[in-house]
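Novice: Fold the following for me, if possible:
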Amino acid sequence: MNIPEGKKVYFASDNHLGAPTRKESAIREKKFVAWLDEVKQDAAAIFLLGDLFDFWFEYKTVIPKGFSRTFGKLAEITDAGIPIYYFVGNHDLWMDGYFEEELNIPVYHTPQEFTFNNKKFFIGHGDGLGPGDKGYKRMKKVFTNPVAKWFFRWLHPDLGVKLAQYLSVKNKLISGDEDIKFLGEENEWLVQYCKRKLESEHRDYFVFGHRHLPLEIDLNNNSKYVNLGDWIHYYTYAEFGGTELRLKTYDIQK
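Specialist: Below is the predicted model of the structure:
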């Protein structure tokens, strides 16, 4: 993708809408929608890197209640011809066509590579990558198993959603909230993952979410790892105007 002059590519992650309750997250949702409304003015594309919701499951005819402001703004943006790309996170693994069919947003379940103005980007949510995190990796295999999804689908939505939201907050393996602090480059498993990927092929930028920490780490002289932070504590995002990826903070007073 060649980015036209005056246009930018935007990246955001980890809104966890619905947590701890829909009412309490409504304030954060309005700020996120305001950000979307602002960046659509010069966006060449928008990348949302997962955990937009604290829980998401698509029954055949039902989706979780709420988030109408977000859906409306996403539809408005794609209807205007601005592409949005979505990467599922550990809280919204169970996406199954709604975004594609209703919002015209492609959904990715694994990291993908994109090239913007000859800069190579490796993009994903970040959960389950790199060394360690074995407990979550085992749990993710269960969650993504078609049989497990089939059984969960038979729970009434009122029961299934309530149970999943409870576990999403209480179970640290699901929430990913065990280590929301910088562990040092040598212990940050996404940093280690990026360095291993560089052994086989150069990428200019590795962009992930999941860690809830805004991070910019030079992997070598030509490659950088960027973690997008979150829209709970930091309200951070990244923008690429054609030459350099920059991590920024949205003015939460708006």
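Novice: ok, residue 235 - contacts?
Specialist: With contact taken as Cβ atoms under 8 Å, 6 or more residues apart in numbering, residue 235 is in contact with 31, 35, 229, 249-250, 252. All C-beta spots, glycine's among them, are computed from the backbone N, C-alpha and C.
Novice: my bad, should have said residue 117
Specialist: Contacts for residue 117 were tallied using Cβ under 8 Å, 6+ apart; they are 1-3, 242-243.
Novice: In PyMOL, select just the buried ones from those.
Specialist: The PyMOL selection below is limited to those of those classed as buried (16 or more other Cβ atoms under 10 Å):
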select buried, resi 3+242
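Novice: Least confident of the contacts of residue 117?
Specialist: When these are sorted by pLDDT, the bottom entry is residue 1 at 83.
Novice: pLDDT score for the closest residue to it other than its chain neighbours?
Specialist: Distance criterion Cβ to Cβ, 6 or more residues apart in numbering; nearest residue to residue 1, sequence neighbours excluded, is residue 116 at 5.3 Å. Looking at residue 116, its pLDDT reads 96.
Novice: Just give the number of residues close to residue 116.
Specialist: 21 (other Cβ atoms under 10 Å).
Novice: Run through the stretch 1-150 of the chain and note the low-pLDDT ranges.
Specialist: For the stretch 1-150 of the chain, the stretches flagged by pLDDT under 70 are 132-145, 148-150.
Novice: can you map out the helices along it?
Specialist: When assigned using DSSP state H, counting those that start in this stretch, the helices of the stretch 1-150 of the chain occupy the ranges 22-39, 68-79, 98-103, 134-143, 146-153.
Novice: Run through the stretch 151-254 of the chain and note the low-pLDDT ranges.
Specialist: Segments of the stretch 151-254 of the chain classed as low confidence (criterion: pLDDT under 70) are 152, 160, 163-179, 252-254.
Novice: so where do the strands sit in it?
Specialist: For the stretch 151-254 of the chain, the strands defined by DSSP state E, counting those that start in this stretch occupy 205-208, 214-218, 224-228, 236-240, 245-249.
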